[in-house]
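# fold the stuff below for me.
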Amino acid sequence: MSISLELAEKMLIKFDGTKSMLFEFIDNCDQAHNLVGVANQPLLLSIIKTKLTHNARTLTRNREFANWKQLKKHLLDLYSDKRTVGQWQLELNSCRQNHNESVVSFSNRVETCYVKLINSLSDNLTEEVRNGNIDLLQNEALNVFITGLNKDLSILVKAQKPDTLEKAISIAINEEQELKSKYEIHKYQNVNNNSSSRFCNYCNKSGHNSFNCRNKNQQHNQNKNFNNVHRIQNHTHINSPSTSNSSKFNRNNFHNNNSSSKIQPRSNNDFQRKFCNYCKNNGHLINECRKLQYNQSRKEQNNNSRIRSSSQSLQNSNGSNLNCPGSSTLAENSRTAHQISAELQH
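So this is what the prediction gives:
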């Protein structure tokens, strides 16, 4: 049975010299050449030449070909891979799935080597021998694919005993998706378990430990800043010449007050419930506030300084009045230091 040239032409595809399209073009031409009659084969050769484009047309345009076999041999010499069957088998057997490589990418490499092996078979082989070699190569590609997979995937695919390379690839893709899903679920569960197992003994909340507690770190920073300010103010006040004598007495009183009002150790719950209405900070009450105690000591210190200065000015005025004739007596024109002190305190 033969077909017309019009139908044979529809079977042909264009070939521009791309090596990946070479064997597809040759297979189509072989099919069309075998189906047309012997009388139409020269015309079919002319039609095949018109399907050559770009680089393939340039390399065949100035050459004469008596039949399709000569043109086919010339195209194979130009564009086919020059590696032998043994070299392609060695590359196939060395295929292994790389780290983080998907099953699809690995299967494409195995299938490419398998197709190259089939294409490298000699054209002089009979159809029976050729089919036998193709079956052997298919089994070899199947074994290479299964053993070349990652360990977990290889065990799962091998347990299902696929008989073709296509089935093995399909099974491997499905198992890969399931393993990824299980890994994501396990990863999410581990994150939740780790966060729930941690407990803070400072704020009595779960999800973190006392070292990472924000409440503890915030309170520590506040106390540190207040202590720095208190230290600087004390140092400035001590070095002041106008208050050098009175500061010793007031500083001793301040430390005595602090020692008598030391805060007893308290639990975390007591620390959170206490709030100072003076400095607006947590952790203590107003009677325990060091800032209030410091300000009160400064106020007393200033009052004492004012009392001493007033007494000194009063004594100076009394001395001048005693030396002047006709001046009033001390009892009539002056107030005592106790009266001035009482007025200043009010």
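
# for the rest of this, base every contact and every neighbour count on C-alpha atoms.
Fine.

# how much space is there between Leu142 and Ala172?
Taking C-alpha to C-alpha, to the nearest Å as the measure, Leu142 falls 12 Å from Ala172.

# so who does Leu45 touch?
67-68 (C-alpha atoms under 8 Å, 6 or more residues apart in numbering).

# rerun at 10 Å
With contact set as C-alpha atoms under 10 Å, 6 or more residues apart in numbering, Leu45 has these partners: 29, 33, 65-69, 71.

# which one among those gets closest to Asn98?
Asn98 lies nearest to Cys29 out of the contacts of Leu45, by C-alpha to C-alpha, at 38.4 Å.

# surely that closest one meets Ile13?
Yes - using C-alpha atoms under 10 Å, Cys29 is in contact with Ile13, at 8.6 Å.

# tally of neighbours for His284?
When neighbours are counted by other C-alpha atoms under 10 Å, His284 registers 20.

# mind putting the contacts of Leu45 in CSV, pLDDT included?
Converted to CSV, these look like this (pLDDT from 0 to 100):
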residue, pLDDT
Cys29, 93
His33, 91
Phe65, 91
Ala66, 90
Asn67, 92
Trp68, 92
Lys69, 90
Leu71, 92
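
# chain neighbours aside, what residue packs nearest to Phe275?
Once flanking residues are discounted, Phe275 sits nearest to Asn282: 4.4 Å by C-alpha to C-alpha, 6 or more residues apart in numbering.

# give me the number of residues near that neighbour?
15.

# then Phe23?
Taking other C-alpha under 10 Å as the criterion, the count of residues near Phe23 is 17.

# quick one: residues contacting the closest residue in space to it that isn't next to it in sequence.
Distances taken as C-alpha to C-alpha, 6+ apart place Asn119 nearest to Phe23, at 7.5 Å, with adjacent residues excluded. By C-alpha under 10 Å, 6+ apart, the contact set of Asn119 is 23, 80-81, 85, 113.

# would you point out the most distant pair within those residues?
Greatest spatial distance in the contacts of Asn119: Phe23 and Val85, 16.1 Å, computed using C-alpha to C-alpha.

# report the separation between the residue nearest to Phe23 and Lys73.
Relative to Lys73, Asn119 is positioned 13 Å away (C-alpha to C-alpha).

# then Leu22?
Counting by C-alpha to C-alpha - Leu22 and Lys73 are separated by 12 Å.

# next: Met21.
Shown here: Met21 relative to Lys73, a distance of 16 Å by C-alpha to C-alpha.

# settle it for me: which of these two has more neighbours?
Higher neighbour count among Met21 and Lys73: Met21, with 14 against 11, using other C-alpha under 10 Å.

# skipping adjacent residues, who's closest to that one in space?
Using C-alpha to C-alpha, 6+ apart and skipping residues adjacent in sequence, the residue nearest Met21 is Phe15, 6.9 Å away.

# show the pLDDT at that neighbour.
Note for Phe15: predicted pLDDT of 92.

# count the neighbours of Trp88 for me.
19.

# three-state assignment of it?
Under DSSP: H, G, I helix; E, B strand; the rest coil, the three-state class of Trp88 is helix.

# residues touching it, list them.
Under the criterion of C-alpha under 10 Å, 6+ apart, the neighbours of Trp88 are 94, 112-118, 120.
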